[in-house]
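Participant: dropping a prediction and its sequence here:
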Amino acid sequence: MPGSDKTIRRVIFIASFLLVWSLSVNLIHAQSLPTARTSSEVAWSSEMRSIGELFKPHSIPPQIYRKSSAIAIVSNVIPNTYLVRVSTSWIKSVMLEPTTANLSSQLKCQDESFGLYRFVGVESALNELKAKANLAGISFTYQPEHYIHRRSLKPNDPFLPDQQYLDVIQMPLAWEQGMAGVNRYGDTLVVAVVDDGMDTSHPDLRENIWVNRKEIPWNGKDDDNNGYTDDYWGWNGGDSTAIIFNSESIFYGHGTSVAGVLGARGNNGIGVSGVIWQVKMMPLLCYSTKGADGEVGVVRSVLYAYRQKKRWIESLGKEGANVVALNMSVGIDKTFASETPIWCAMFDSLASVGIISAGATTNSNINVELEGDIPSLCPSDALIVTSNAGLNKQYVTSGYGTKSVDLSAPGDAVFTVTPLQNNPGSPYINESGTSFAAPMVSGTVAWLNSVVCKHYLDLMSVNSDSAIQLMRNWILSSVETNSSLNTRSVTGGVLQCFNAWKKMDAWCMLHEPTYGADDVVSAKPVLFPNPSVDQSFELAFPMSMPVTVSIYDASGRVVWTGVANTNEKIELNRKLTSGLYYVNAKVGGNFTRMTWIVN
């Protein structure tokens with residue numbers, strides 16, 4: 001749709017929305033405003049509407065329970081280590097006072113604009129600082145830092161030739177309604193993946209991995225002035241670097257396998273397909289190589305996604321990223337929301353910029369409401385917590401709770417990708433666990449965003465809470481229930497994507513009756529084989545069409561241009577040296593930019 005039409009539609013929608021709101025404000029269910037802040041608090045927390053004070057009341061009364069000795073890790077708490085959230089300007093001034101100057105070596109800033117610090121020392125010192133802050137009217141939140149754990153189980157099933165879980169959640173039926181990686185306004189859809197990294201070289205992932213085009217990789221500069229240096233592929237919140245794939249990413253392979261379930265490139269003639277065929281996945285590595293794997297890496301990773309979406313909104317789509325969902329297949333066992341207020345508050349912060357989160361519950365067979373689990377117990381309506389089910393839609397060992405675990409997805413026996421380095425000849429693997437159920441939900445959120453009507457997108461731009469509640473209801477009210485699940489989650493059922501689409505379609509037809517005639521933006525061509533061993537390739541497309549092709553080398557120099565047809569072999573009339581190239585393809589009126597590796 002032309003930009004002017006899009007702008008007019010949204011202006012009209014916003015004006016109508018404000019008029020209706022002013023006449024019937026009590027009919028609209030919206031999130032409560034944050035509590036009042038002192039002027040010093042406003043100065044340091046103006047970056048976010050919701051991160052600072054969005055600690056919603058816990059839906060479960062805090063209780064104390066005896067912890068089971070069956071857990072391998074006796075305690076999730078990193079000894080004598082705490083996360084602190086406080087005004088940066090205030091804490092800096094306090095550290096200059098003679099009575100507290102000795103603490104400056106123990107309190108290290110992790111994110112200055114967010115006011116995030118890590119304290120290593122005795123808790124009594126923090127209590128003294130908190131008392132001093134209270135006297136000054138300054139908000140001071142601290143918590144023990146916890147170890148976080150990957151949530152996959154070791155596969156014990158034979159190699160599967162197909163992905164049966166896609167049939168279980170109705171993806172073939174859903175794909176018939178649309179397969180684009182953009183919404184009806186043409187905005188690219190991005191899903192942030194908080195995990196242990198992502199293999200950017202994997203042939204089934206690389207076309208669907210988000211790239212920060214405003215950043216020049218590895219030049220040591222913050223080219224786009226977003227506060228992050230060299231964040232071309234995403235961000236490493238664990239180490240605060242731009243390295244989003246390292247030796248641990250290869251060894252565990254967890255984040256890469258999660259990404260395969262969510263968004264492996266579909267319909268490209270190789271490997272597997274993700275829940276959504278075309279999407280951009282933002283790698284956010286939350287584990288540290290410099291010490292304990294504490295949750296500070298999670299917080300910094302989530303902050304990156306939040307800031308990129310906020311930047312996208314404020315720049316009207318010219319900068320940042322249109323992050324619509326965040327996948328979190330990591331967590332902390334046997335832990336309650338009251339112990340992780342900083343982490344839990346992040347989900348409402350993400351919601352304030354229109355991001356829905358999908359979280360994996362524990363793989364332990366426990367009632368998380370009695371024994372604890374994060375993120376399961378984080379009290380946010382913008383978080384959908386997922387447990388595990390089998391291909392027969394029956395309960396598989398995982399955390400449960402009728403107030404905090406929302407639904408199940410078939411995360412048992414999931415055939416997905418693994419890092420290329422682990423098996424170059426066939427980089428695929430069978431996995432199991434709630435880690436692989438959660439990306440089915442985040443992928444569903446992204447896919448629904450690709451087909452939903454413009455009326456919903458307009459609503460999201462002015463009232464993200466209401467829009468997120470709609471999306472949540474479409475997904476949760478459309479599950480398929482069964483007796484093995486009915487006492488184990490809020491819905492008692494298994495994710496059903498096509499049923500969710502039918503709920504969405506009914507709402508869109510009510511509010512935008514002609515939306516069905518507004519075709520979803522067409523699919524993009526896919527380049528294969530990639531890597532190539534010769535000077536030829538094809539551009540796969542749903543139909544045969546003329547395509548204008550321009551090829552650039554890594555320096556941006558044009559090395560070849562020509563006109564061909566999709567689905568036919570394109571042979572170059574010149575020899576290319578081995579390396580990375582960029583292919584621009586124009587099909588109809590749409591441009592697509594792809595990376596191409598020539599060996």
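Facilitator: Noted; the coordinates are in hand. The model shown is predicted, which means the values in this text are computed figures rather than measured ones.
Participant: state the distance from the closest residue in space to Ser387 that isn't next to it in sequence to Ile209.
Facilitator: With Cβ to Cβ, 6 or more residues apart in numbering as the criterion, Ser387 has its nearest non-adjacent residue at 4.4 Å, and that residue is Ser398. To be clear about C-beta, it is placed using only N, CA and C from the backbone, and glycine gets the same treatment. As judged by Cβ to Cβ, to the nearest Å, Ser398 and Ile209 stand 28 Å apart.
Participant: residue contacts, Phe528?
Facilitator: Phe528 is in contact with Asn268, Gly269, Ile270, Phe537, Glu538, Ala540, counting by Cβ atoms under 8 Å, 6 or more residues apart in numbering.
Participant: right, and the helix or strand after the least confident helix or strand in the chain by mean pLDDT?
Facilitator: Lowest mean confidence among the helices and strands of the chain (mean pLDDT, DSSP states H and E): helix 39-45, at a mean of 34. The helix or strand immediately downstream of helix 39-45 is strand 77-86, counting by DSSP states H and E.
Participant: surely Arg311 touches Asn226?
Facilitator: Yes - assessed by Cβ atoms under 8 Å, Arg311 is found in contact with Asn226 at 6.2 Å.
Participant: give the residues shared as contacts by the two.
Facilitator: Common neighbours of Arg311 and Asn226 (Cβ under 8 Å, 6+ apart) are Glu319, Gly320.
Participant: so who does the closest residue in space to Ala351 that isn't next to it in sequence touch?
Facilitator: What sits nearest to Ala351 in space, not counting adjacent residues and going by Cβ to Cβ, 6+ apart, is Ala382, at 3.4 Å. Neighbouring residues of Ala382 by Cβ under 8 Å, 6+ apart: Phe347, Asp348, Leu350, Ala351, Ile355, Ile356, Ser357, Ile468, Arg472.
Participant: got any ranges where this protein has weak pLDDT?
Facilitator: For the chain, the stretches with pLDDT under 70 are 1-75, 150-161, 292, 517-523, 542-544, 588-589.
Participant: give me the three-state assignment for Ile250.
Facilitator: Secondary structure assignment for Ile250 (DSSP: H, G, I helix; E, B strand; the rest coil): helix.
Participant: OK, contacts around it?
Facilitator: By Cβ under 8 Å, 6+ apart, the contact set of Ile250 is Asp199, Pro419, Gln421, Asn422.
Participant: one more time with 6 Å
Facilitator: Ile250 is in contact with Pro419, Gln421, counting by Cβ atoms under 6 Å, 6 or more residues apart in numbering.
Participant: would you quantify the distance from it to Leu420?
Facilitator: Per Cβ to Cβ, Ile250 is found 9 Å from Leu420.
Participant: try Asn486
Facilitator: 42 Å.
Participant: and what of Tyr142?
Facilitator: Distance, Tyr142 to Leu420, using Cβ to Cβ: 42 Å.
Participant: my assumption is that Val258 lies in a helix; please confirm.
Facilitator: Yes - per three-state DSSP, Val258 lies within a helix segment.
Participant: touching, it and Met440? I think so.
Facilitator: No - using Cβ atoms under 6 Å, Val258 is not in contact with Met440; the gap is 10.3 Å.
Participant: and these two? Which one has more around it.
Facilitator: A count of neighbours by other Cβ atoms under 10 Å puts Val258 above the other of Val258 and Met440, at 34 against 28.
Participant: which non-adjacent residue is nearest Leu459?
Facilitator: Nearest non-adjacent residue to Leu459, counting by Cβ to Cβ, 6+ apart: Ala467, 4.6 Å away.
Participant: host element of the most centrally placed residue in the chain?
Facilitator: In the chain, the residue lying closest to the centroid (Cα atoms, centre = their mean) is Leu326, at 2.0 Å. If you go by DSSP H and E, Leu326 is part of strand 323-328.
Participant: okay, now the sheet partners of that strand, with direction.
Facilitator: When sheet partners are counted by DSSP bridges, strand 323-328 sits next to strand 190-195 (parallel), strand 356-360 (parallel).
Participant: now distance to Gln163 and mean neighbour count too, for those strands, in CSV please.
Facilitator: Formatted as CSV, those follow (distance: least, Cβ to Cβ, whole Å; neighbours: other Cβ atoms under 10 Å):
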stretch, distance to Gln163, mean neighbour count
strand 190-195, 18, 30
strand 356-360, 18, 30
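Participant: which of the ones you listed sits closest to Leu510?
Facilitator: With Cβ to Cβ, the closest approach to Leu510 among those belongs to strand 356-360: 21.7 Å.
Participant: for stretch 277-289, measure first residue to last.
Facilitator: With Cα to Cα, to the nearest Å as the measure, stretch 277-289 spans 32 Å from end to end.
Participant: so which bits of it are buried?
Facilitator: Neighbour counts over stretch 277-289 (16 or more other Cβ atoms under 10 Å) mark Trp277, Gln278, Val279, Lys280, Met281, Met282, Pro283, Leu284, Leu285, Cys286, Tyr287, Ser288 as buried.
Participant: of the residues you listed, closest to Asn102?
Facilitator: Distance to Asn102, by Cβ to Cβ, is smallest for Ser288 among those, at 26.3 Å.
Participant: got phi/psi on the residue of the chain positioned farthest from its centre?
Facilitator: Note on the chain: the largest C-alpha distance from the chain mean falls to Pro98, namely 44.0 Å (Cα atoms, centre = their mean). Main-chain torsions, Pro98, degrees, to the nearest 10: phi -60, psi -40.
Participant: and the gap between it and Ser89?
Facilitator: Taking Cβ to Cβ as the measure, Pro98 falls 19 Å from Ser89.
Participant: kindly report the same for Glu97.
Facilitator: Distance, Glu97 to Ser89, using Cβ to Cβ: 14 Å.
Participant: same question, Leu284
Facilitator: 28 Å.
Participant: Pro410 is nearest to which of the strands paired with strand 323-328?
Facilitator: Taking those one by one with Cβ to Cβ, strand 356-360 is closest: 13.3 Å.
Participant: show me the strands in the stretch 251-400 of the chain, by range?
Facilitator: In the stretch 251-400 of the chain, the segments counted as strands under DSSP state E, counting those that start in this stretch are 280-285, 323-328, 330-333, 356-360, 373-374, 383-388.
Participant: which among these is found nearest to Pro529?
Facilitator: strand 280-285 (21.5 Å).
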